[in-house]
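**Q** Sequence plus predicted model, see below.
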Amino acid sequence: MARTKHLFRKKRRQSSRLSSAAGVSPASPATPAPVENARNKKADAPESSTKRQQHKPHRYRPGTVALREIRRYQKTWTLLIPAAPFIRTAAEDYLVHLFEDAMLCAIHAKRVTLMQKDWALARRLGGKGQLR
């Protein structure tokens, strides 16, 4: 069985001793006189209505939103970085560096023209494009 919260209710009964000592008998014993408490006074105050409108926005605990985003991105099948531009940029970068290294090899051999052996040497020295 589920637990429930029991609220404490303070019973307001006027004892017969107090009413007879004061000399005033209650007009209707079934209905107690309305008692103003702190809640009613605060509700009537104009300041509380302005404070109530300016409440803070809801903020999650640190890391909660990050974990939610991780779960969301793990469920998706789309790429966060578009594949085609990324592959194009990576391939272009690889070829530019390979051209630079091959040209340096040709200049070292006192040539201006690139040859196949310059490409092979540049790949071996750079460690790029090897399967092992």
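**A** Happy to help now that I have it.

**Q** just checking, what packs against the strand or helix carrying residue 98?
**A** Element membership for residue 98 (DSSP states H and E) is helix 83-108. Contact here means 3 or more Cβ pairs under 8 Å, 6 or more residues apart in numbering; DSSP states H and E; on that basis helix 83-108 packs against helix 116-126. (C-beta placed from N, C-alpha, C; glycine too.)

**Q** can you list the residues that contact the helix it packs on?
**A** 97-98, 101-106, 109, 129-130 (Cβ atoms under 8 Å, 6 or more residues apart in numbering).

**Q** CA atoms only for it, dumped as CSV, please.
**A** Taking Å, rounded to 0.1, in the frame of the first residue of the first chain, the C-alpha atoms of helix 116-126 are listed here in CSV:
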residue,chain,number,x,y,z
GLN,A,116,56.2,8.6,-59.4
LYS,A,117,59.3,8.0,-57.3
ASP,A,118,58.8,11.4,-55.6
TRP,A,119,55.2,10.4,-54.6
ALA,A,120,56.4,7.0,-53.3
LEU,A,121,59.2,8.6,-51.3
ALA,A,122,56.9,11.3,-49.9
ARG,A,123,54.4,8.6,-48.8
ARG,A,124,57.1,6.5,-47.2
LEU,A,125,58.7,9.5,-45.3
GLY,A,126,55.3,10.9,-44.2
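
**Q** What does the pLDDT read for residue 8?
**A** Predicted confidence (pLDDT) for residue 8: 72.

**Q** Revised request: answer the last question for residue 47.
**A** Residue 47 is assigned 59 on the pLDDT scale.

**Q** Residue 112 now?
**A** At residue 112, the pLDDT value in this model is 96.

**Q** Contacts only, for it.
**A** residue 106.

**Q** May I have the secondary structure class of it?
**A** Classification of residue 112 by DSSP: H, G, I helix; E, B strand; the rest coil places it in coil.

**Q** circling back to that earlier point, among the contacts of helix 116-126, give me the pair with the biggest separation.
**A** Across the contacts of helix 116-126, no pair lies farther apart than 109 and 130, at 22.0 Å, counting by Cβ to Cβ.

**Q** Pass me the low-pLDDT residue ranges in the chain, would you?
**A** The chain contains residues with pLDDT under 70 at 1, 11-52, 128-132.
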